[in-house]
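Colleague: Provided below for reference: sequence and predicted model.
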Amino acid sequence: MRPPQASTIYPNVQLGSDAIIGEYVVIGEPPRGKRAGELETRIGARAVIRSHTVIYAGNVIGDDFQTGHGALVREENQIGNNVSIGSHTIVEHHVTIGNNVRLHSNVFVPEFSVLEDDCWLGPNVVVTNARYPRSKNVKEQLRGATIRRGAKIGANATLLPGVVIGANALVGAGAVVTRDVPAGAVVAGNPARVVKNIEEIEEYR
C-alpha cells in the first residue's frame with residue numbers, strides 16, 4: 001500500500017472540523033493578480049474533498065460540502081450548506097450556490113450564475129454566459145443562468161446566457177434552453193418548449 005500523497009493548503013484557509021482531504025488536493029490557490037493568502041478561504045465542518053480537487057482562494061463554503069475527484073472551484077464564490085460538486089465538474093468564479101444543491105459529474109457552471117437552494121443539475125449539464133463569444137465588450141456583458149429553488153436540469157442540457165429556470169421546473173435531458181422557463185414547467189427539446197406542468201408527473205405530486 002503506497003502512502004498518501006501530499007495536498008497543498010495555502011495560507012489564510014479556514015477548514016472546519018472533521019474535514020477529509022484526499023490526495024493531491026489544492027485549497028486556496030490564488031487567482032491571477034492575487035498573492036497567496038491575500039483572499040480568505042473558508043470551508044465549513046465535515047467537508048469531504050476528494051483527490052485532485054482544486055479550490056481557489058476567496059471561496060466561502062458552508063458545512064457538509066463534498067466534491068468528487070478532480071473538481072475545480074474557481075475564486076470568490078458563495079456556496080451554502082450540504083452542497084455536492086461531482087467529479088470533473090467546473091464552477092467558475094463569482095457564482096452563488098444555495099443550500100442542498102447537487103451538481104453531478106462533468107457539469108460546467110460559468111461566472112455570474114446563481115443556483116438557488118435545492119436545485120439539481122444532472123451529468124454533463126452546460127450553463128453558458130456569453131451571448132456573443134469573442135465580441136467586443138463580451139466580458140462586460142456576461143450573464144450566467146439563474147436556477148430557482150428546487151429546479152432540476154436533466155443530463156446533457158444546455159442553458160443559454162441569462163435564462164431563468166423557475167422554481168421546481170424540470171428541464172428534460174438534452175434540452176437547449178433559449179428562453180426563461182416558468183415555475184413548475186416541464187420543458188424539452190431544441191429549442192426547449194413547455195410540454196407539461198410538473199404536477200402532471202405522478203412522482204412529483
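Modeller: That came through fine.
Colleague: how about the helices of this structure, start to end?
Modeller: For the chain, applying DSSP state H gives no helices.
Colleague: hang on, isn't residue 72 packed against residue 52?
Modeller: No: applying Cβ atoms under 8 Å, one finds residue 72 not in contact with residue 52, separated by 9.4 Å. Where you see a C-beta, it was placed from the backbone N, CA and C, and this is true even at glycine.
Colleague: Would you mind listing where this protein has pLDDT under the threshold?
Modeller: Applying pLDDT under 70 to the chain flags residues 1-4.
Colleague: again, only this time at 80
Modeller: 1-5 (pLDDT under 80).
Colleague: Pop the domain breakdown of it in here.
Modeller: Under the assignment automatic domain parsing, the domains of the chain span 1-100, 112-205.
Colleague: could I get those domains as TSV with mean neighbour count?
Modeller: What follows is those, written out as TSV (neighbours: other Cβ atoms under 10 Å):
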stretch	mean neighbour count
domain 1-100	18
domain 112-205	18
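Colleague: Turn those domains into CSV, including distance to residue 106.
Modeller: Shown next, in CSV, are the domains of the chain (distance: least, Cβ to Cβ, whole Å):
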stretch, distance to residue 106
domain 1-100, 5
domain 112-205, 5
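Colleague: From residue 88, how far out is residue 52?
Modeller: 9 Å (Cβ to Cβ, to the nearest Å).
Colleague: what do these two both touch?
Modeller: Among the neighbours of residue 52, those also in contact with residue 88 (Cβ atoms under 8 Å, 6 or more residues apart in numbering) are 69-70.
Colleague: Residue 83: what's it in contact with?
Modeller: 61-62, 64-66, 97, 99-103.
Colleague: ok, now residue 114?
Modeller: Applying Cβ under 8 Å, 6+ apart, the residues near residue 114 are 95-96, 144-147.
Colleague: try residue 161
Modeller: Residue 161 neighbours (Cβ under 8 Å, 6+ apart): 128-131, 142-145.
Colleague: same deal with residue 149?
Modeller: 98, 116-119, 167-168.
Colleague: In strands, which of those fall?
Modeller: Counting by DSSP state E, none of the members of these fall within strands.
Colleague: With distance to residue 205 as added columns, please give the residues you listed in a markdown table.
Modeller: Output for these, formatted as a markdown table (distance: Cβ to Cβ, whole Å):
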| residue | distance to residue 205 |
| --- | --- |
| 98 | 24 |
| 116 | 22 |
| 117 | 21 |
| 118 | 17 |
| 119 | 20 |
| 167 | 16 |
| 168 | 12 |
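Colleague: nearest to residue 34, of the contacts of residue 161?
Modeller: Set against residue 34, the nearest of the contacts of residue 161 by Cβ to Cβ is residue 142 (20.1 Å).
Colleague: That closest one contacts residue 129, correct?
Modeller: Yes: if you go by Cβ under 8 Å, residue 142 and residue 129 touch, sitting 4.6 Å apart.
Colleague: Since that was my last question, I'll sign off now.
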